[in-house]
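> Sequence plus the predicted model coming up.
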Amino acid sequence: MAIRYEEEHRIFHLQTPKTSYIIGIMEGRYLLHLYYGKKIQSYPDFMRHLPIRKGRSWECEDVSHPDYCLGTLSTEYPCYGSGDFRSPAFHAEYEDGSAVTCLTYAGYELYRGKKPLKGLPATYVEKAQEAETLEILLRDELQGLEVVLSYTVFADFDAIIKSVRVKNAGKHSVRIKRILSSTAYVFDKDFEFVHLEGAWARERHIQKMPLINGTMSIDSKRVSSSHYHSPFLAIARPSATETQGDVYGYSLVYSGNFLAEAEVDSKDVARIQMGINPFGFQWLLEKGEEFQAPEVVLTYSANGFGEMSRTYHKLYRTRLCRGNFRDAERPVLINNWEATYFQFNEEKILDIARLAKSAGVELMVLDDGWFGKRNIDNCSLGDWFPNREKLPEGITGLANKIVDIGMQFGLWFEPEMVSEDSDLFRAHPDWCIHIKGREKTTSRNQLVLDLTRQDVRDYIVKAVSDILESAPISYVKWDMNRNITEIGSAKLPTERQQELPHRYILGIYEVLERITTAFPNVLFEGCSGGGGRFDAGMLYYYPQYWTSDDTDAIERLYIQHGTSMVMPASTMGAHVSAVPNHQVKRTTSLKTRGNVASVGQFGYELDLNTLSEDEIQTVKAQIQRYKEIREVIHQGQMYRLRSPFEGNDTAWEYVSEQKDEVVLMHCTIQAGVQRGLSQVKLEGLDPEATYREIDTGETYRGDFLMHVGLYFSNDRDYESQLMVFRKIKTVK
Ligand code: DGJ
């Protein structure tokens with residue numbers, strides 16, 4: 001059993017292939033987090049081996065054990081009000097006006113498999129034997145509150161999946177103010193807080209800072225996980241690298257306001273918490289009702305960041321992403337956005353498509369501007385009707401012509417939004433999020449639809465479905481281009497207005513669930529001004545995501561490197577665009593743009609008609625090569641061999657499960673004269689196998705590639721290589 005309760009020691013022991021997570025029941029009352037790390041077989045008498053000190057002056061004596069106090073114990077699900085003055089996981093107000101909760105142990109249940117989380121995205125099992133779940137019941141006897149802590153362990157993944165559900169089993173309503181999904185600890189502070197910081201077109205740059213006594217946190221208050229901080233945190237030894245050192249990962253499967261924090265107390269114990277951001281959150285829980293908080297996926301790697309990421313990649317690729325496209329080869333696409341922006345007509349799109357088809361592109365995507373009177377970004381969102389001036393035969397006519405050319409057709413939508421200049425807004429001014437009597441702040445000239453309302457959700461589902469049913473559409477790019485202000489709903493009662501941020505996220509999840517279920521043969525790609533809501537929650541609905549609006553190959557080294565901390569290559573949309581690049585005006589070679597995009601969901605975002613004949617030949621060769629390697633890019637193991645954040649070049653490697661196919665992408669950032677060579681040692685190969693590099697025919701043994709490696713000179717700015725190795729034989 002991967003999870004067992006040891007009555008003799010009063011502990012729950014959760015074991016993954018390489019890790020152990022141990023929770024003790026202290027004095028029959030409190031759940032304590034005792035250990036998370038390398039796999040161990042037992043944890044004897046935990047009161048003699050507590051990882052924390054006894055209490056001293058100024059700490060409150062605990063009612064169950066005078067030597068200890070809640071203020072220093074590593075409580076598995078801490079509350080406020082009985083001696084623990086650190087940030088709690090749970091905080092609520094009760095009918096009697098008090099705001100103190102005291103949760104004590106009340107029992108457990110253990111079962112095979114994993115249940116879905118009501119209304120929320122979550123990792124899942126295909127067969128019950130894949131995982132075991134432990135549910136621990138905690139109770140506040142005075143208020144009649146029941147909290148269930150859920151832990152799932154998959155047989156094949158070094159991950160612990162945690163979530164929390166609360167039931168009001170008392171006599172009165174309860175106002176939840178804070179309900180985090182996970183609390184865990186490290187028992188010294190010699191760690192770094194590692195997170196992914198960004199902005200529009202600069203998503204997920206890796207930042208590291210040492211833990212200090214006090215609280216460090218990242219969050220979002222934008223009702224979207226956002227470009228600015230990802231709902232991911234790693235707590236890592238300062239000496240941890242890609243291949244060695246302790247790294248703990250915490251990834252929240254949620255797309256709205258979140259909080260991730262590390263609080264180091266006076267004993268240098270760090271409490272790490274994650275969940276829905278308590279800022280701007282409230283939930284009125286009526287008698288008998290339940291509230292489900294999202295799940296957090298914890299990983300521990302003794303072998304650095306690389307192993308942590310590979311755990312996330314495989315778990316998310318195979319047991320978070322869903323649907324027909326989860327394991328399928330995805331088409332090479334061409335998107336007209338950077339080619340035409342709003343200035344296109346049917347002939348222009350067909351022109352782009354014809355040449356793209358002849359180069360080997362499989363899917364033509366029509367981006368923003370095809371509906372209403374949208375020739376600029378200040379109108380028509382919400383009016384999902386084709387613009388007949390641009391597309392005389394509508395989407396149906398265009399899609400059929402694209403299919404006749406021999407390509408699939410894809411379409412852009414931004415269904416969560418409404419423009420003030422739209423028929424939808426004129427008909428339903430109260431459908432947007434707003435506060436009566438207060439000016440509405442716009443962003444990109446648009447407002448956000450109130451997805452807490454059933455009528456609004458139904459409208460979106462119908463509007464999108466009508467278009468998808470009207471034409472042979474194989475792909476949807478689902479965009480979302482602003483954050484939410486003036487949080488208020490015309491429909492929600494006063495006492496539930498502060499529930500809007502979380503209800504909005506539940507609303508978008510419901511809409512996506514309905515549409516993706518109704519159109520299982522449509523490939524959905526998420527987008528939010530690039531990678532603004534590229535989080536684990538969204539992967540449940542979209543198997544791929546537009547990583548960033550920055551398409552410059554060098555900027556993409558940083559963005560794709562940071563994104564790969566959690567997200568697998570199979571999810572990362574990456575396109576070749578024109579030069580000078582539209583975001584940074586940099587000119588890089590077509591080869592380098594192709595190489596950097598080839599290690600994601602490959603596509604083009606330019607008008608191929610503007611390229612020379614030689615360049616078209618290069619495009620054909622890139623597409624041909626990509627089709628040969630896409631399986632290993634999507635399903636293989638990724639190794640980050642050199643980081644753009646730490647040096648002047650980047651190298652990423654992808655190795656098939658069988659270790660018989662290997663792709664290496666190396667890119668120089670700034671060239672230097674007379675500098676040393678970069679030694680790039682490959683990883684994860686069969687040391688005894690011989691690999692042939694398919695372009696040069698040169699052969700290497702796996703041990704040579706892993707221990708000696710390849711040398712790169714870095715003497716040309718932005719120069720890059722994409723090398724493919726195939727195993728030809730194994731000699732023992
Ligand atoms: C933002 C997206 O990230 C872009 O790719 C493009 O679709 C525009 N929106 C269209 O408005």
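Great, that's in hand.
> Without its sequence neighbours, what residue ends up closest to the residue nearest the centre of the chain?
Using Cα atoms, centre = their mean, the residue of the chain that lies closest to the mean C-alpha position is residue 535, 2.5 Å off. Nearest non-adjacent residue to residue 535, counting by Cβ to Cβ, 6 or more residues apart in numbering: residue 225, 4.1 Å away. For the C-beta atoms, the positions are set from N, CA and C on the backbone; glycine is no exception.
> ok, the one you found - how many residues close by?
27 (other Cβ atoms under 10 Å).
> Spell out the secondary structure type for it.
Secondary structure, DSSP: H, G, I helix; E, B strand; the rest coil: residue 225 is coil.
> Residue 255 and residue 276, how far apart?
Distance of residue 255 to residue 276, computed by Cβ to Cβ, to the nearest Å: 11 Å.
> now swap in residue 520 and tell me
Distance from residue 520 to residue 276, counting by Cβ to Cβ: 30 Å.
> which one of those two has more residues nearby?
Taking other Cβ under 10 Å, residue 520 and residue 276 do not tie; residue 276 has more neighbours (25 against 10).
> shouldn't that one be in contact with residue 502?
Yes. With contacts counted by Cβ atoms under 8 Å, residue 276 reaches residue 502, the gap being 6.2 Å.
> Find residues that contact each of these two.
Taking Cβ atoms under 8 Å, 6 or more residues apart in numbering as the criterion, residue 276 and residue 502 both touch 256-257.
> Enumerate the helices of the stretch 451-600 of the chain by residue range, in sequence order.
Secondary structure of the stretch 451-600 of the chain by DSSP state H, counting those that start in this stretch: the helices cover 454-470, 500-518, 536-539, 553-563, 590-598.
> Could you spell out which stretches of this structure belong to which domain?
Here the chain is described, according to automatic domain parsing, as comprising the domains 3-319, 333-419+455-481+523-629, 642-727.
> Pick out the residue of this protein closest to the ligand.
residue 368 (3.5 Å; Cβ to the nearest ligand atom).
> Could you say which helix or strand holds that residue?
Under the criterion DSSP states H and E, no helix or strand holds residue 368.
> quick one: stretch 529-543 near the ligand?
Yes. Applying Cβ under 6 Å from any ligand atom, one finds stretch 529-543 in contact with the ligand at 529-530.
> what are the C-alpha coordinates of that stretch, in PDB please?
Provided in PDB are the C-alpha atoms of stretch 529-543 (Å, rounded to 0.1, in the frame of the first residue of the first chain):
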ATOM      1  CA  GLY A 529      -2.600  37.800 -23.900                       C
ATOM      2  CA  GLY A 530       0.000  35.100 -24.400                       C
ATOM      3  CA  GLY A 531       0.700  33.100 -21.200                       C
ATOM      4  CA  GLY A 532      -1.300  35.200 -18.800                       C
ATOM      5  CA  ARG A 533      -3.400  32.300 -17.400                       C
ATOM      6  CA  PHE A 534      -1.100  29.500 -18.300                       C
ATOM      7  CA  ASP A 535      -1.600  27.500 -15.100                       C
ATOM      8  CA  ALA A 536      -2.200  23.900 -14.100                       C
ATOM      9  CA  GLY A 537      -6.000  24.500 -13.800                       C
ATOM     10  CA  MET A 538      -6.300  25.500 -17.400                       C
ATOM     11  CA  LEU A 539      -4.400  22.400 -18.600                       C
ATOM     12  CA  TYR A 540      -7.500  20.300 -17.600                       C
ATOM     13  CA  TYR A 541      -9.400  22.000 -20.400                       C
ATOM     14  CA  TYR A 542      -6.700  22.900 -23.000                       C
ATOM     15  CA  PRO A 543      -3.900  20.500 -23.800                       C
END
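> quick one: average pLDDT of that stretch?
When pLDDT is averaged along stretch 529-543, the result is 98.
> quick one: the helices in the stretch 201-350 of the chain?
Under DSSP H, counting those that start in this stretch, the stretch 201-350 of the chain gives helices at 304-319, 337-340, 346-359.
> Buried deepest among those, which one?
helix 304-319 (a mean of 22; mean count of other Cβ atoms under 10 Å).
> Tell me the gap between that one and the middle of its chain.
Computed by Cα atoms, centre = their mean, to the nearest Å, the chain-centroid distance of helix 304-319 equals 12 Å.
> Same question for stretch 340-350.
That offset, for stretch 340-350, works out to 33 Å (Cα atoms, centre = their mean).
> C-alpha coordinates for that stretch, PDB please?
What follows is stretch 340-350, C-alpha atoms only, in PDB (Å, rounded to 0.1, in the frame of the first residue of the first chain):
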ATOM      1  CA  THR A 340      -2.100  40.700 -40.800                       C
ATOM      2  CA  TYR A 341      -3.400  41.800 -37.400                       C
ATOM      3  CA  PHE A 342      -7.000  43.000 -38.100                       C
ATOM      4  CA  GLN A 343      -6.300  43.800 -41.800                       C
ATOM      5  CA  PHE A 344      -7.300  40.700 -43.700                       C
ATOM      6  CA  ASN A 345     -10.000  39.500 -46.000                       C
ATOM      7  CA  GLU A 346     -10.800  36.000 -47.200                       C
ATOM      8  CA  GLU A 347      -8.500  36.200 -50.100                       C
ATOM      9  CA  LYS A 348      -5.600  37.200 -47.900                       C
ATOM     10  CA  ILE A 349      -6.200  34.200 -45.500                       C
ATOM     11  CA  LEU A 350      -6.500  31.800 -48.500                       C
END
